[in-house]
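[1] Predicted model and sequence follow; I will ask about them next.
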Amino acid sequence: MTPQQRRSALETLPRDRLIALTAHFSLDVGDKRVVENHVNALVRSRSLEFTDVLGLLKREELQKICDALDLDRGGREKDVLIARILGMGDSEQVPLPLAEEAPAVAAVVEPKVRRQATDKTGGDLGFEAKLWLAADKLRNNLDAAEYKHVVLGLIFLKYVSDAFEERRAQLLAEVDQGADPEDPDEYRGENVFWVPKESRWFHLQDRAKQPTIGKLVDDAMVAIERDNPSLKGVLPKEYARPGLDKQRLGELIDLIGSIGLGDRENRSKDILGRVYEYFLSEFASAEGKKGGQFYTPRSVVKLLVEMLAPYKGRVYDPACGSGGMFIQSEKFVEAHGGKLGDISVFGQESNPTTWKLAKMNLAIRGLDANLGAENADTFHRDQHKDLKADYVLANPPFNDSDWGGDRLREDVRWKFGVPPAGNANFAWVQHFIHHLAPSGIAGFVLANGSMSSNQSGEGEIRRAMIEADLVDCMVALPGQLFYSTQIPVCLWFLSRDKKSNRFRDRRGETLFIDARKLGRMTDRTHRELSEEDIARVAGTYHAWRGDKGSATYEDLPGFCKTARLEEITGHGFVLTPGRYVGAEDVQDDAEPFAARIDALSARLESHFVESHTLELRIRASLGKLFNG
């Protein structure tokens, strides 16, 4: 596109949208009140690909651009419209991608894709988002919740098949030395799933264009479960259903077949983990509120894990979703010199499809996790009644009013008070405490109301916990971090033993951290904590509790403060960090007060002028409308 064509495209967008775009790319626009400045910044920036800009727009906005540029506005998919705009006049629809076409189609949005993939996975391969864009084209009329299991089931199948074929090749080369390529134990001994012939990827891909491909995939899943008892009842088996377009299923198989996942080289790069995590986050975004049932944003999980620092021991998540807490814990251990197996994983999940998703997610990473014999409600069918965990990591449902609390009024877990039947927040908190070992630490997410609510006895439960000296640290987080809710949330950290030999004696003290100003917007509705944000919050906590090798802790007005029980009591046992950390120190810029007033007055006057100008324009437009 020429600069003038780009300008014409941008001029279709409203002023607030242009402001949001220049802010997203951190462009210098000068006077932000002038619309032309935003257009110029987006057109002239040498560091910005115009594809990046188009990729952030909604389908309706792209259609308006097509109208303005005299292009065909037809097509359901955003990247079809993007390709058309970039091609200026090419009104042909971009075809659904086959395996060999997917990279070319995805390349249309490559600059945007590479940034997203790097941000979400911490790597630089960039193919995760390409694969997502291509696979999402094949969704047809399936909603994200259904399609999630279709895609992730196939990715799992490709992974285990790749790992199997690599091991099989090794065994075939060692037949003279007594190796047996047909012995399942030769595979299981190397932590590789045995894959029967009808389940191997080449067998399915060779038949991907056949109308019976759905049944063949279902049969492949059944056979893998039959020969690998740990996967029994876990894999999806709904590929033959009438609602799933078999032609598109075949194309999806071809697409996934174009990437390596399970061989040793790709396992070392965690290719599958990256694809899986990226897809989970994109499905969560596509499902919105429903997505929060199975996925906790990566930056929040990483912050929890970095703060708790689970080097060794039993890790428990009684609301484990798709298992993200466990995966991040294993990554933490390995990043700090430990090894797989230094921690033992225990979890529970009530949703049957999410429980299966977690089992697959952990299996592909080689994590031996005990998620219970089946999916089950944590409150009413505790799968780990005798467990005493060294670490509890959780993101339970917020403010759940339908948890069946009226049937558990005499439960042994309610040591600090009976939680209200209309809100499960403090039922979850007391469940965590009940399962903590004598020196255990819990870190979990809760709605902000849990820090101050006095309704239905919640204030008394919180007071009893504070007086028992269990509350170690409270962190206020910014809003818009979650797909499932836009409300701001907080992190709680509870410690059974504040005089633990691992850290300094913290009895009678609680750390408050106000992190509400941290994070950056990744799109219009979602915020993400950066690595620097995570390191700052976690480092503050480690310094305060006296981790070996950590920095010296100091209170920082507006950000962190250590408070004693007496001070918390004075605040009515409210745990909101803002009450304790105070206001941030503001440096005096030495500008005279009178000069500040003059400058502010001038700015205000310019706003008045702009407002009057806009009013005149609106009146003129309305006049044209009503006068024909």
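    Nice, I can see it. Numbers count the residues shown, from 1 in each chain.

[2] Which strand in the chain has the most residues?
    The strand that spans the most residues within the chain, counting by DSSP state E, is strand 436-447.

[3] who does that strand pair up with?
    strand 389-394 (parallel), strand 489-495 (antiparallel) (DSSP bridges).

[4] out of those strands, deepest packed?
    For the strands paired with strand 436-447, average neighbour numbers computed from mean count of other Cβ atoms under 10 Å are highest in strand 389-394, which has a mean of 25. In short, each C-beta sits where N, CA and C put it, glycine included.

[5] Any chance you could list what contacts the longest strand of the chain?
    Contacting residues not belonging to strand 436-447 are listed as 296, 300, 304, 307-308, 313-314, 388-396, 398-399, 425, 428-429, 432-433, 472, 485, 487, 489-497, 500, 502 [Cβ atoms under 8 Å, 6 or more residues apart in numbering].

[6] Quick one: closest of the strands paired with strand 436-447 to residue 464.
    With Cβ to Cβ as the measure, strand 489-495 is the member of the strands paired with strand 436-447 nearest residue 464 (12.7 Å).

[7] Could I get the CA-only coordinates of the closest one as PDB?
    Extracted C-alpha coordinates of strand 489-495, given in PDB (Å, rounded to 0.1, in the frame of the first residue of the first chain):
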ATOM      1  CA  VAL A 489      -8.400  -9.300  41.900                       C
ATOM      2  CA  CYS A 490      -5.900  -9.900  44.700                       C
ATOM      3  CA  LEU A 491      -3.300 -12.500  45.700                       C
ATOM      4  CA  TRP A 492      -3.400 -14.000  49.200                       C
ATOM      5  CA  PHE A 493      -0.300 -15.700  50.700                       C
ATOM      6  CA  LEU A 494      -0.800 -17.700  53.900                       C
ATOM      7  CA  SER A 495       1.900 -19.300  55.900                       C
END
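
[8] tell me which residues in the longest strand of the chain are buried?
    Of the residues in strand 436-447, 436-437, 440-447 count as buried by neighbour count, 16 or more other Cβ atoms under 10 Å.

[9] And stretch 456-470, by the same measure?
    Within stretch 456-470, the residues scored as buried using 16+ other Cβ under 10 Å are 458-459, 461-463, 465-466, 469-470.

[10] now for the buried residues of strand 436-447, which pair is the farthest apart?
    Put simply, by Cβ to Cβ the two of the buried residues of strand 436-447 set farthest apart are 437 and 447, 26.8 Å from each other.

[11] which residues of the stretch 51-200 of the chain fall in helices?
    In the stretch 51-200 of the chain, the segments counted as helices under DSSP state H, counting those that start in this stretch are 59-68, 78-87, 102-107, 110-121, 127-137, 144-173, 184-188.

[12] how near is residue 363 to residue 475?
    Noted for residue 363: a distance of 32 Å to residue 475, by Cβ to Cβ, to the nearest Å.

[13] With neighbour numbers in mind, choose between these two.
    residue 475 (26 against 21; other Cβ atoms under 10 Å).

[14] Wait, that one touches residue 575, no?
    No. The criterion here is Cβ atoms under 8 Å, and residue 475 misses it with residue 575 at 10.5 Å.

[15] mind checking the end-to-end distance for stretch 567-576?
    Start and end residues of stretch 567-576 are separated by 13 Å (Cα to Cα, to the nearest Å).

[16] List the buried residues in it.
    Neighbour-count burial for stretch 567-576, with 16+ other Cβ under 10 Å as criterion, is recorded at 568, 573-576.

[17] out of the residues you listed, who's nearest residue 236?
    For the buried residues of stretch 567-576, the minimum distance to residue 236 (Cβ to Cβ) is 42.2 Å, reached by residue 575.

[18] how close does the residue nearest to that closest one when sequence neighbours are not counted get to residue 476?
    Leaving aside its sequence neighbours, residue 575 sits nearest to residue 451 (Cβ to Cβ, 6 or more residues apart in numbering; 4.2 Å). Residue 451 sits 8 Å away from residue 476, going by Cβ to Cβ.

[19] Common neighbours of those two, please.
    Overlap of the contact sets of residue 451 and residue 476 (by Cβ under 8 Å, 6+ apart) consists of 490, 576.

[20] can you redo the strands paired with strand 436-447 as TSV with mean pLDDT?
    Below are those laid out as TSV (pLDDT from 0 to 100):
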stretch	mean pLDDT
strand 389-394	95
strand 489-495	95
